[in-house]
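> quick one: sequence plus predicted model below, questions after.
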Amino acid sequence: MPLRPSERISLLRDIMTIRRFEESVKKQLQAGLIPGSVHLSIGHEGAIAGGCAALDDGDFVVGTHRSHGHPIAKGSDLGPLMAELMGRADGVCKGKGGSMHLTDHSVGVMGESGIVGGGLPLATGIGLSAKVLESGRICLCFFGDGASSEGSFHESLNLAAIWKLPVVYLCENNLYGATTPADSVLSVEDIAIRAGGYGIPGEIVDGQDAEAVHSVVARAVDRARRGEGPSLIEAKTYRFGEHAEGLIIPVSYRDEEEVDRWKKRDPLDILRTRLFEEGIVSEEDMTQMESELQQRIEAAVAFAKASPMPEPSAAFEDVYSNPIAGGSR
Amino acid sequence: MPLRPSERISLLRDIMTIRRFEESVKKQLQAGLIPGSVHLSIGHEGAIAGGCAALDDGDFVVGTHRSHGHPIAKGSDLGPLMAELMGRADGVCKGKGGSMHLTDHSVGVMGESGIVGGGLPLATGIGLSAKVLESGRICLCFFGDGASSEGSFHESLNLAAIWKLPVVYLCENNLYGATTPADSVLSVEDIAIRAGGYGIPGEIVDGQDAEAVHSVVARAVDRARRGEGPSLIEAKTYRFGEHAEGLIIPVSYRDEEEVDRWKKRDPLDILRTRLFEEGIVSEEDMTQMESELQQRIEAAVAFAKASPMPEPSAAFEDVYSNPIAGGSR
Amino acid sequence: MSEAQPSRETTYFQAIFEAHQEEMLRDERVVMIGEDISLYTKSGILDGALSDRIFSAPISENGFCGMGVGAAMTGLRPVVDLTIASFIYLAMDQIVNQAAKIRYMTGGQATIPVVFRASMWHDGSNAAHHSDRPYPLLMNSPGLKVVVPATAADVKGLIKSAIRDDDPVVIFEDNSLWFRSGPVPEGEHLTPIGVATVRRPGDDVTLVAIGSVQQDALDAAEILAKEGTSVEVIDPRTLTPLDKPTILDSVERTGRLVIVDPAHRTCGAAAEIAAIAAEEAFHALKAPIARVTTPDVPIPFSPSLEEPLYPRKDAIVEAVRKLK
Amino acid sequence: MSEAQPSRETTYFQAIFEAHQEEMLRDERVVMIGEDISLYTKSGILDGALSDRIFSAPISENGFCGMGVGAAMTGLRPVVDLTIASFIYLAMDQIVNQAAKIRYMTGGQATIPVVFRASMWHDGSNAAHHSDRPYPLLMNSPGLKVVVPATAADVKGLIKSAIRDDDPVVIFEDNSLWFRSGPVPEGEHLTPIGVATVRRPGDDVTLVAIGSVQQDALDAAEILAKEGTSVEVIDPRTLTPLDKPTILDSVERTGRLVIVDPAHRTCGAAAEIAAIAAEEAFHALKAPIARVTTPDVPIPFSPSLEEPLYPRKDAIVEAVRKLK
Ligand SMILES: Cc1ncc(C[n+]2csc(CCOP(=O)(O)OP(=O)(O)O)c2C)c(N)n1
Ligand SMILES: Cc1ncc(C[n+]2csc(CCOP(=O)(O)OP(=O)(O)O)c2C)c(N)n1
Ligand SMILES: [Mg+2]
Ligand SMILES: [Mg+2]
């Protein structure tokens, strides 16, 4: 089922939202308002928004360490996300999670993992509960090319395959794991080929084309919802910026030419141009979307800045769900 | 290179040795001379001896929890093996390892692992040292169908593949992991297919035909020695007895018919009959081999029984290579 | 356990499965995940009707422990059976990085009612890959609850409480207790998490005994009683959260503390309890705090090496005698 | 460090790489395995000629740690870089089940000269997945040596000693020290494993400070000196094997013990040291043994939550004052 025009506009809006949010994050970090470091999703928006567009509201997402985009695409409020990045009390995780853990259960983003590969078993379990509870929900699990070398990838795909769990494993292959070229640590050219080792479908898709991602993921989602089990999808993408902002990386490991070539395949430009050429959005629409978005981002930043830092005593809350005697202090 | 007649006889002798040794182990266990439980290799001898026959003396082997056969096929003295199983001071591991850890560095059996899947990373590292030291040695790594679901399988094969390490991964697929049918926990019919996920050769071989195993492994060994990297080989085999002797297993999970069918494909019978029919061994040779073997086994049992139990103080030795102050007591 | 309630002699092993069966029948959200567990329904140990909720898993400890966490976040109450405790090292990532931390990292959004069970095998020539007691590692990992039931009643009551608890609970069972019987109250029986029990009251020495060493501790107390030393034996039952008041109140009365712990010595549960007493009950102490533990060596195979390593009655008696 | 030997101001970070470079140049069997480490030669941090022995690995911690063990058994001396300490949970199986136990299980046949390095990140808003200090878990696992170097000289000297040691050594470095400088002796400099150092002598209180808290401990000692309390600051440097004599001799002299440990409290290194003192130096003790540690909560992201959790100068001063 191809996307309807309104859905296509909404997809474009998601991509733009992630892009502008991330640009603002970079600014807030440079201004000293965001502590620590951040892994930005700029360049990956096609895979992220395209993938999430194939989900229903009740469906689940599991993210990664590079995961500001996933809750945005799933519909999170921007204010609590920005507040979380600033470590504020009104952050979506009360300031306890930060950039690598922008979990938002209200939109089905169940966890993000600073541990590379850590999300795959969780997503598998979310699939298990969907199956046992017959909820009809599915889980979309994002992970990186680097994560595909972890044992958790293998164990999870095997588990999901044997029990036909409704999980779609979506690899954002951006050709690098930190400074390490994927082809130097991957024994196969395409990660999708590994699907063969689990008897499940494996597909490669152009991650810069959000609509292409949508259609491949939608097919896998349908399959999962029909009870036919998991799929592995590899979206070829690229991060336009550094591995992380706020960390020192002492070498260059990508050549300029490669970066430039990929920047010409910007997922935002690709979709915007297409919708414009097909007459689905006008210049005016675009301007309006940008200005609405600017307001939302500004409001999110204002919300975040207005939120207080958490009280130190809050550090002792949320360790357990019920009051716990003795032992810990 | 097919095996020469003398090598074929030697292969038969290895198979017989493992079989008779294991039969004796079962007897010693029942007599209360072996503590704990044992995982016997009866039924697997074709894969074990066929695989090891493809190795040079200087090559390495890494075993599993079901690993009495591997050191035998690699040429270990039977006495210290039996003594180890009895927990004696003259055991190959001084009574510290027991059935799941019949390591014998003198013949290149570098480790066996009670942890399922635990040997694969070790074997990969043995391959790394062979490569770095340019020793020309290779490592043959045994593991079970059950072990192929561990993350260590995935991580190890990827590591060996990217660096073209001289390791041959040989799966003894006996169709069960303890009481669990392999097909209920494996998302593919054949484990060998997973080689495709690492860009390395994957081959299936009849594990009951030791010569077939030899020839497939020999090809993989040559490839490894030429510096072309690892291979994955799946030997289809079957254990004729219980998962472990000395453990209570409260259900039957294999049907009699299946067990009988496989027992008709006894690796010892298959090779013996073939060599007899080809005129390579006579009835007389066979009788002589059996009687020599009986003597060796009896001598091993006598050696083991004559060996004292270790002194309790020995429990504190061999934790570290050098005397260590304070801390532990 | 109330005195009035009628009870029934049950083995520790039976009690484990009674707990599972009752909870699975009571609550449809309870599922089991683990290796070779389909044999429980096949053998009749568990009701056959439960087989739909029993996921007999591939040998993928990290994967299926994490699966339990994900399922727990989204409506199930999984019991993940790690079988032998030494296999927990394979799943440390999902247990410590995920199960223990997710609630906190999400600012309380996630609730993780998952139970991990591990049976500690030892004293049966299983050697170093099958004989560890790794609970101290999990005590150092905030976000988990850790229990070490030592009787049939406690293993039943603690498994049931763990399944109903909304946080991750790691249960360290003990295979040396499987065939020991004890009275288990009839009907619904829950043992609260976080509450110690006094197995024998006494006035001269506090003996904290962890897990499987209860009988050795009681035997030692009996011998010492004959010598005129009155020993109070406390079983903490839960290690996180530890019932400090029960232990400290006793130490304040007796002034002497011996801790018997069959786990490895360094940074073990015994070290923690000793440190708490040395900090919070110092002024009551009349003698050094003694630890009777398994020494810091991997567990050897040969019985002649393994058996002498564990804390037994005689070593406990000796440790207490030395305090005087 | 001998007084006579000339020394050079060096950062902790530089010292780490000097140690690697010197050992790799000295011994061809030394190799490095870890993620993203090809950048060391590319950036010039390490000599380009070493790039053949630098294995920049896929993100497969359990796999490549085990690979290090296998390589160590067969002639190499691998240094496995786990980067951030919280990733060690992924490799616990190969580190605890294999590296620590193989020598023992094989009756001494195997020799495992492998080094695992992990940097403890904290106090920089890295949140719960990147901020642990898991050394207590490894102290409870016999067969490993565990070191926690806190100065440039010690990190260099201990890495070099670890590489030359024939047993598995786990080095817990500390990213908060990377840019601190200190004198490192010129030429060959080895710090022995298993030997503590007295960072400041004193008579009234023994303050054992573990890893990164040295400066806080020294600052606290300075403040207390002004109040007339003479504090002896001891850095154990090695946690397994622990230099008990240095600590116990001091406690016997001072009669007071405070342990400062930035790791989680329960079953931590501080608990072990407290337990040892309560057992072996009890009669010298004049006051409760105090632990100043990070409390048992996962490490939060927000600086306003994270910063107050760690033991700092003021908390140490307060703990010492309370003893009087
Ligand atoms: C278990 C684990 N190992 C290593 C790291 C350090 N690390 C953080 S991001 C990263 C690269 C991840 O690569 P990939 O999965 O391709 O994701 P990308 O950053 O490219 O989006 C690494 C090695 C980590 N966070 N967790
Ligand atoms: C990590 C780990 N998990 C579980 C076990 C318990 N266990 C011992 S043998 C076994 C089955 C192994 O199956 P497979 O690898 O096929 O070998 P087989 O016994 O069939 O030869 C299991 C589950 C173990 N020893 N180690
Ligand atoms: Mg990547
Ligand atoms: Mg099998």
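Done, it's in. Quick caveat, the model's predicted, so the values are computed rather than measured. Ligands and ions are numbered 1, 2, ... in the order given.

> which intervals of the stretch 201-329 of chain A have sub-threshold pLDDT?
A:323-329 (pLDDT under 70).

> ok, the closest residue to ligand 2 within the stretch 1-150 of chain A - how many residues close by?
Taking C-beta to the nearest ligand atom, ligand 2 has its nearest neighbour within the stretch 1-150 of chain A at residue A:121, 15.6 Å off. To be clear about C-beta, it is placed using only N, CA and C from the backbone, and glycine gets the same treatment. The number of residues packed near residue A:121 is 34, by other C-beta atoms under 10 Å in any protein chain shown.

> how near is the closest residue to it other than its chain neighbours to residue B:286?
Distances taken as C-beta to C-beta, 6 or more residues apart in numbering or on different chains put residue C:66 closest to residue A:121, at 2.4 Å, once the chain neighbours are dropped. Using C-beta to C-beta, to the nearest Å, one gets 54 Å for the distance from residue C:66 to residue B:286.

> ditto for residue A:132
58 Å.

> equivalent analysis for residue C:183, please.
Residue C:183 is 62 Å from residue B:286, by C-beta to C-beta.

> low-confidence stretches in chain C?
C:1-4.

> ok, the residue nearest the centre of it - contacts?
With the centre of chain C defined as its mean C-alpha position, the nearest residue by C-alpha atoms, centre = their mean is residue C:148, 0.9 Å away. Each residue near residue C:148 by C-beta atoms under 8 Å, 6 or more residues apart in numbering or on different chains is listed here: C:135, C:172, C:174, C:210, C:211, C:236, C:237, C:238, C:239.

> in helices only, show me these.
Within those, residues falling in helices by DSSP state H are residue C:135.

> tabulate the contacts of residue C:148 (a markdown table), appending neighbour count and distance to residue D:89.
Shown next, in a markdown table, are those (neighbours: other C-beta atoms under 10 Å in any protein chain shown; distance: C-beta to C-beta, whole Å):
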| residue | neighbour count | distance to residue D:89 |
| --- | --- | --- |
| C:135 | 29 | 16 |
| C:172 | 25 | 18 |
| C:174 | 24 | 24 |
| C:210 | 28 | 24 |
| C:211 | 26 | 24 |
| C:236 | 26 | 25 |
| C:237 | 26 | 26 |
| C:238 | 27 | 23 |
| C:239 | 29 | 19 |
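
> show me the strands in the chain, by range?
Let's take chain A. A:60-62, A:109-111, A:139-144, A:167-173, A:176-177, A:180-181, A:202-206, A:231-236 (DSSP state E).

> my bad, chain C
For chain C, the strands defined by DSSP E occupy C:7-11, C:30-34, C:54-56, C:77-84, C:115-120, C:145-147, C:169-174, C:181-185, C:197-200, C:205-209, C:231-235, C:238-240, C:257-264, C:290-294.

> contacts for the second one next, please.
Defining contact as C-beta under 8 Å, 6+ apart, one finds that strand C:30-34 is touched by A:128, A:132, C:20, C:23-24, C:40, C:53-57, C:64, C:67-68, C:71, C:76-83, C:117, C:163.

> have a look at residue A:132 and residue B:286 and say which one is more surrounded.
For residue A:132 versus residue B:286, neighbours defined as other C-beta under 10 Å are more numerous around residue A:132 (21 against 15).

> was I right about that one contacting residue C:53?
Yes: judged on C-beta atoms under 8 Å, residue A:132 makes contact with residue C:53 at a distance of 7.0 Å.

> okay, now residue C:197: neighbour count?
The number of residues near residue C:197, taken as other C-beta under 10 Å, comes to 18.

> name all residues that make contact with it.
So residue C:197 contacts C:154, C:234, C:235, C:237 (C-beta under 8 Å, 6+ apart).

> run the last query once more with 6 Å
residue C:235 (C-beta atoms under 6 Å, 6 or more residues apart in numbering or on different chains).

> likewise residue A:38?
A:25, A:29, A:99, A:245.

> quick check, pLDDT for the residue in the stretch 151-300 of chain A that chain D sits nearest to.
The nearest approach of the stretch 151-300 of chain A to chain D comes at residue A:185, 3.7 Å away (C-beta to the nearest C-beta). In this prediction, residue A:185 carries a pLDDT score of 98.

> what residues are up against the nearest residue to it once chain neighbours are set aside?
Closest residue to residue A:185 apart from its sequence neighbours, by C-beta to C-beta, 6+ apart: residue D:58 at 3.7 Å. Shown in contact with residue D:58 (C-beta under 6 Å, 6+ apart): A:149, A:185, B:158.

> and residue D:58, backbone torsions?
When quoted as degrees, to the nearest 10, the phi and psi of residue D:58 stand at phi -60, psi 160.

> for it, give its distance to ligand 4.
According to C-beta to the ion, to the nearest Å, residue D:58 and ligand 4 sit 27 Å apart.

> before we move on, the earlier item: among the contacts of residue C:148, which ones lie close to ligand 2?
Filtering the contacts of residue C:148 for proximity to ligand 2 by C-beta under 6 Å from any ligand atom leaves nothing.

> could you find the closest non-adjacent residue to residue A:79?
Leaving aside its sequence neighbours, residue A:79 sits nearest to residue A:303 (C-beta to C-beta, 6+ apart; 3.4 Å).

> what about the one you found, how many neighbours?
As a burial measure, residue A:303 scores 19 neighbours (other C-beta under 10 Å).

> what of residue C:186?
By other C-beta under 10 Å, 10 other residues sit near residue C:186.

> wait, what's in contact with it?
Residues counted as contacts of residue C:186 (C-beta under 6 Å, 6+ apart) are C:6, C:8.

> rerun at 7 Å
Contacts for residue C:186 (C-beta atoms under 7 Å, 6 or more residues apart in numbering or on different chains) come out as C:5, C:6, C:7, C:8.

> can you tell me how far residue A:2 is from residue A:211?
In terms of C-beta to C-beta, residue A:2 sits 8 Å off from residue A:211.

> correction: the previous question concerned residue C:246.
Taken as C-beta to C-beta, the span from residue C:246 to residue A:211 is 64 Å.

> same thing with residue C:89?
45 Å.

> these two - which one has more neighbours?
The neighbour comparison of residue C:89 against residue A:211 (other C-beta under 10 Å) goes to residue C:89, with 29 against 21.
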